[in-house]
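>>> here is my input, please return the structure:
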Amino acid sequence: MFTKAIVRTPGCSLTSGLTASKLGTPVYQKALEQHRQYIAALERCSLDVLILEADEAFPDSTFVEDVAIVTPKCAIITRPAAASRRGETAAMLPVLEDFYSYIEKIQPPGTLDGGDVMQVDQHFYIGLSSRTNRAGADQLIEILQRYGMTGSTVPVTEGLHLKTGVTQVAENTLLAAGEFIASPNFSDFRILPVPEEANGGANCIRINGKLLLSAGFPEVSRQLVDQGAELIEVDISEYAKLDGGLTCLSLRF
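Below is the predicted model:
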């Protein structure tokens, strides 16, 4: 059960955030409204949401998941690969100090984005991607082991992050797209495959018996409802223009 979430209001500088997509420039006022609806969805899942002020110095800072990993026993400040994002971690540290007695940090030459980390029970799957390197993953695994948890790596060759293409939606069940549908790393799980044209729907959030799903993916929605999921659909189309997904916009613990 989760009780809290941390989000950061997007700043006007959001429109110059990093992106590899060809979906256009985010419309700021629409992004603000979508962020409000996202917070409302988290609150519907019985979370107490801490809303941080916008940080105009960092266009991508609304994607708070990338700068920290939160676990039941400790928090880990990451080291984003994108140089323009590294300053975001300094602002997150004092926020997490209000909630955690133990905070660790990823050190150079390691790089690690939180979007590459998927927790399933006490195990953490860590994507090796353009944003997370082997040194960062190895450091995270060593930290997890010190606190009685485990981790393993998963190659990511499609998409920005691991959780761009795979997320947990039920006990022993993953929603997966592309390379993760048949990945041997997830052979012990039941896989719900996402159609290629709906890859953006693979990034869900499982919170307290509910599932948050990006709006606009009816094929994925039907599949999850057929599995008995209680869905909350949230429109984050402006964040998709910056390669963002539902998980990116909050830290949940």
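
>>> hey, where'd the helices end up in this protein?
Per DSSP state H, the chain carries helices over the ranges 28-44, 88-97, 134-146, 162-165, 218-226, 237-240.

>>> which one of those helices is the most hemmed in?
With neighbours taken as mean count of other C-beta atoms under 10 Å, the helices of the chain reach their highest mean count in helix 162-165, at a mean of 26. Placement of C-beta: from N, CA and C, glycine included.

>>> now do that one: which elements does it pack against?
Packing partners of helix 162-165 (3 or more C-beta pairs under 8 Å, 6 or more residues apart in numbering; DSSP states H and E): strand 117-120, strand 123-128.

>>> send me it as PDB with only the CA atoms.
Extracted in PDB, the C-alpha atoms of helix 162-165 (Å, rounded to 0.1, in the frame of the first residue of the first chain):
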ATOM      1  CA  LEU A 162      12.500   0.300 -19.200                       C
ATOM      2  CA  LYS A 163       9.100   1.500 -18.000                       C
ATOM      3  CA  THR A 164       8.300   3.000 -21.300                       C
ATOM      4  CA  GLY A 165       7.600  -0.500 -22.400                       C
END
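
>>> who touches that helix?
Residues from elsewhere that reach helix 162-165 (C-beta atoms under 8 Å, 6 or more residues apart in numbering): 115-118, 125-127, 129, 154, 156, 158-159, 176-180, 199, 202-203, 243, 245, 247.

>>> show the buried residues in those.
Among the contacts of helix 162-165, the ones that count as buried by 16 or more other C-beta atoms under 10 Å are 115-118, 125-127, 129, 154, 156, 159, 176-178, 180, 199, 202-203, 243, 245, 247.

>>> residue most distant from the centroid, the chain?
Asp226 (24.6 Å; C-alpha atoms, centre = their mean).

>>> residues touching that residue, list them.
Contacts of Asp226 by C-beta under 8 Å, 6+ apart: none found.

>>> what's the distance between it and Glu219?
Counting by C-beta to C-beta, to the nearest Å, the gap from Asp226 to Glu219 is 11 Å.

>>> can you check Leu251 too?
Distance of Leu251 to Glu219, computed by C-beta to C-beta: 29 Å.

>>> so Ile232 bridges to which residues?
Residues in a beta bridge with Ile232, per DSSP bridges, are Leu212.

>>> what about it, neighbour count?
19 (other C-beta atoms under 10 Å).
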